[in-house]
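Peer 1: coordinates for the following, if possible.
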Amino acid sequence: MYYLGIDVGTGGTRALLADERGKVAHAFTAPHEDMLMHQPLWAEQRPEDWWEAAREAIGGVLALASASGAEIGAIGLSGQMHGLVLLDAADAVIRPALIWCDQRSQAQVDTINQLVGRDVVLACTANPMLTGFTLPKLLWVCDHEPANFERIRKLLLPKDYVRFRLTGEYATDVSDASGTGLFDVAERCWSEKLTDLLRIDGSVLPSVAESSCVTAKISAAAAQLTGLRAGTPVVAGAGDQAASAIGNGIVEPGMVSCTLGTSGVVFAYTQAPAYDPPGRVHTFCHAVPAAWHVMGVTQGAGLSLKWFRESLAPATSYDDLTAEAAGAPPGCQGLFWLPYLMGERTPHLDPQVRGGWIGLTASHTRADLIRSLLEGVSYSQCDCLEIIEGMGIPVNSVRVSGGGANSVFWRQMLADMFRKRVVALETQEGSAYGAALLAMIGAGVFGSAVELCRTAIREIESAEPVSF
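Peer 2: Here you go, the predicted structure:
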C-alpha cells in the first residue's frame, strides 16, 4: 500500500508515493505555467493550471510505480500558502489567483489597520497584517474589481482548490488557514471577530481541520480523471512550510529547519503560540495537533539564483553555478546582494524594498556575483534564526531541505553563518513527503507525527561551523 502526497508549489505540482514504512518510493513533478506578472510586484497563477498539473503528476507517479488507484491508502495535500482562489456560484474560478509573493495590497493592509487597529489584528490572528496574506488580497479585489467581488461564493487556498477538484469539498487545515490574516491562531479557528469587524461573509470560508484529519474522499468524477480510486480518504494536509516541517521531522522542541526553495524559511517548533512583538516572524498553527510554529521568511531565496540563471546564465546548471561560486572568496571582495526581488518579510516587513548588488566594481567576477547571491540569502536566513533564538526558542541544530540543500557548499555556508550544526536528511522531498506522511497518520498507520518522524526521518550528513 502507498500513501500519496501532492504539493502544489509555485513552479510545479509534485506527487509522491511513500510506502508503509514512510520511505519515499516514487515522485513525479508536472510544471506550472509561468507566473503572470502584469506589473512590478504583481504575481498571479491560474488555479485551473494547478489542477491540470495535479492530474499529470498523479498519473505520472502511478505510472512510475506501476500502481493503480486501489493501491493508494490515503492522500495528503500541501501547497504554496496565502494564495487567493475565488469561486462563483457555479464553482468556476473568477479570476487568476493572487499568490503568496504578490505585493500589491499595501493600501488594503493600511485600511485594515485603520478600521480594526493593529492591536486588534494581532490579538485576533497572532500576526501583524501583511501584503502577503490572503485577506488584503481579497480586499484588493473588492476595491479594484467590484464585479468580481460580488460573484464570490467561496474562498480557497491553492492546495484546497486541488482538494475541491478531487473531492468536491471546500476544506482547509489549521496551518494554511493561519496565513490568511483571518484565522485565530491561538484558538485554531476562523476569527469571527475579525470577519464581523470587516463585514466579510464567513460563509465564503472553507471548513477547517487539523492536518491529519480526513476531510473528504476522492469523488467518482475525479477518479475517472486521475486514475485514483473513488472513496480514497483525503486528509486536511498543510501549508507547504508546515508540511515540509513534517517531512523534515520538526515535531519536537529544539528542532528547527531551513528550507531553501523559491522562498527561504526558517521554521521552529513551539508548544504554545510564541510572539515576536514587532511581528518580524510569523506565528502559525503547526500540522501537529496542540502545537504551533514560528517562521521567518526570505521572499527571494532560490528566486535570486533562479533570476540570475534565467537572466544572465541560461545555459548553466544550478550545480555549476554553485561550483563556480565556491571559487570566490568569502565576502566576495566587498560585494553584497540584497535578495529583495519581491519585497521582503523577515525582518523588514516591507513590500516596497528592492533588491540589488552593493559594492560592485570592475574587478568583480561572475563567481563573485554568484557567491554574493548565496551569501545575501544566507544572511537573510540568519536574520530569521537570530530573531527566533531571541524569542527564547531553543535551537539544537538546523535541518536543511529544498533545492538549495542539495549543495554541500551552501550547507557549509549556512553552518558558518548560523553558528549551528546544519544537517542534511536522507529524504530531501520536503512538502510532498510531509503531505504523504500526514496521510499515513490520518489512515492510522502511525499514531502520531512524533512516532512517525522518529521512525522515518534519518540524518545522513552534517556540517559544523568553521571560524574564519
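
Peer 1: and the helix or strand where residue 108 lies, what's buried?
Peer 2: Assessed by DSSP states H and E, residue 108 sits inside helix 106-116. Of the residues in helix 106-116, 106, 108-109, 111-112, 116 count as buried by neighbour count, 16 or more other Cβ atoms under 10 Å. C-beta: built from backbone N, CA, C; applies to glycine.

Peer 1: repeat for stretch 358-373
Peer 2: For stretch 358-373, a neighbour-count test (16+ other Cβ under 10 Å) marks 360, 364, 366-373 as buried.

Peer 1: quick revisit: between the buried residues of helix 106-116, which is closest to residue 315?
Peer 2: Of all the buried residues of helix 106-116, residue 315 sits closest to residue 106, with 38.0 Å by Cβ to Cβ.

Peer 1: sorry, back to before: and the buried residues of helix 106-116, which two are the farthest apart?
Peer 2: The distance between the two most remote of these (Cβ to Cβ) is 15.9 Å, for 106 and 116.

Peer 1: how is this structure divided into domains?
Peer 2: 2-236, 249-467 (the TED database).

Peer 1: what about stretch 67-79, distance to the chain center?
Peer 2: Averaging C-alpha positions (Cα atoms, centre = their mean, to the nearest Å) puts stretch 67-79 21 Å from its chain's average.

Peer 1: continuing past the host helix or strand of residue 7, what's the next helix or strand?
Peer 2: Under the criterion of DSSP H and E, residue 7 resides in strand 2-8. Of the helices and strands lying after strand 2-8 in sequence (DSSP H and E), the nearest is strand 12-18.

Peer 1: packing partners of that next one?
Peer 2: If contacts are counted by 3 or more Cβ pairs under 8 Å, 6 or more residues apart in numbering; DSSP states H and E, strand 12-18 sits against strand 2-8, strand 24-31, helix 47-65, helix 431-442.

Peer 1: enumerate every residue touching residue 304.
Peer 2: Neighbour list for residue 304: 337, 339, 341, 355, 373, 376-377 [criterion: Cβ atoms under 8 Å, 6 or more residues apart in numbering].

Peer 1: pick the one among those closest to residue 55.
Peer 2: Residue 55 lies nearest to residue 341 out of these, by Cβ to Cβ, at 31.1 Å.

Peer 1: quick one on the thing from earlier: in strands, which of the contacts of residue 304 appear?
Peer 2: Judged by DSSP state E, those include residue 337 as members of strands.

Peer 1: who wins for neighbours among the contacts of residue 304?
Peer 2: residue 339 (29 neighbours; other Cβ atoms under 10 Å).

Peer 1: how far away is that residue from residue 350?
Peer 2: 13 Å (Cβ to Cβ, to the nearest Å).

Peer 1: could you do residue 294 as well?
Peer 2: Distance from residue 294 to residue 350, by Cβ to Cβ: 20 Å.

Peer 1: the more surrounded of those two?
Peer 2: Neighbour count, other Cβ under 10 Å: between residue 294 and residue 350, residue 294 has more, with 26 against 15.

Peer 1: next secondary structure after the host helix or strand of the more buried one?
Peer 2: With elements taken from DSSP H and E, the one containing residue 294 is strand 292-298. Counting by DSSP H and E, the next helix or strand C-terminal to strand 292-298 is helix 302-312.

Peer 1: after that following helix, which helix or strand is next?
Peer 2: The helix or strand immediately downstream of helix 302-312 is helix 318-325, counting by DSSP H and E.

Peer 1: how far off centre is that next one?
Peer 2: With Cα atoms, centre = their mean, you get 25 Å for helix 318-325.

Peer 1: could you do stretch 243-253 as well?
Peer 2: On Cα atoms, centre = their mean, the centre of stretch 243-253 falls 13 Å from the chain's centre.

Peer 1: again with stretch 130-140
Peer 2: With Cα atoms, centre = their mean as the basis, stretch 130-140 stands 17 Å off its chain's centre.

Peer 1: so for that stretch, what gets flagged as buried?
Peer 2: Buried residues in stretch 130-140, counted by 16+ other Cβ under 10 Å: 130-140.

Peer 1: next: stretch 327-345.
Peer 2: Buried positions in stretch 327-345, judged by neighbour count with 16+ other Cβ under 10 Å: 328, 332-333, 335, 337-345.

Peer 1: report the two of these separated the most.
Peer 2: With Cβ to Cβ as the measure, no two of those lie farther apart than 333 and 345, at 29.3 Å.

Peer 1: excluding its backbone neighbours, what's nearest residue 270?
Peer 2: residue 292 (4.8 Å; Cβ to Cβ, 6 or more residues apart in numbering).

Peer 1: which residues does the closest residue to residue 450 other than its chain neighbours contact?
Peer 2: Nearest residue to residue 450 in three dimensions, chain neighbours excluded: residue 251, at 5.2 Å (Cβ to Cβ, 6+ apart). If you count contacts by Cβ under 8 Å, 6+ apart, residue 251 has them with 245, 269, 286, 288, 291, 449-450, 453.

Peer 1: now residue 251: how far from residue 392?
Peer 2: Going from residue 251 to residue 392 by Cβ to Cβ gives 20 Å.

Peer 1: show me what contacts residue 94?
Peer 2: Contacts for residue 94 (Cβ under 8 Å, 6+ apart) come out as 86-88, 148, 151-152.

Peer 1: redo that, cut-off 6 Å
Peer 2: 86, 88, 148, 151 (Cβ atoms under 6 Å, 6 or more residues apart in numbering).

Peer 1: partner residues bridging the closest residue to it other than its chain neighbours?
Peer 2: In this structure, residue 94 finds its nearest non-sequential neighbour in residue 86, 4.2 Å apart by Cβ to Cβ, 6+ apart. Taking DSSP bridges, one finds residue 155 as the beta-bridge partners of residue 86.
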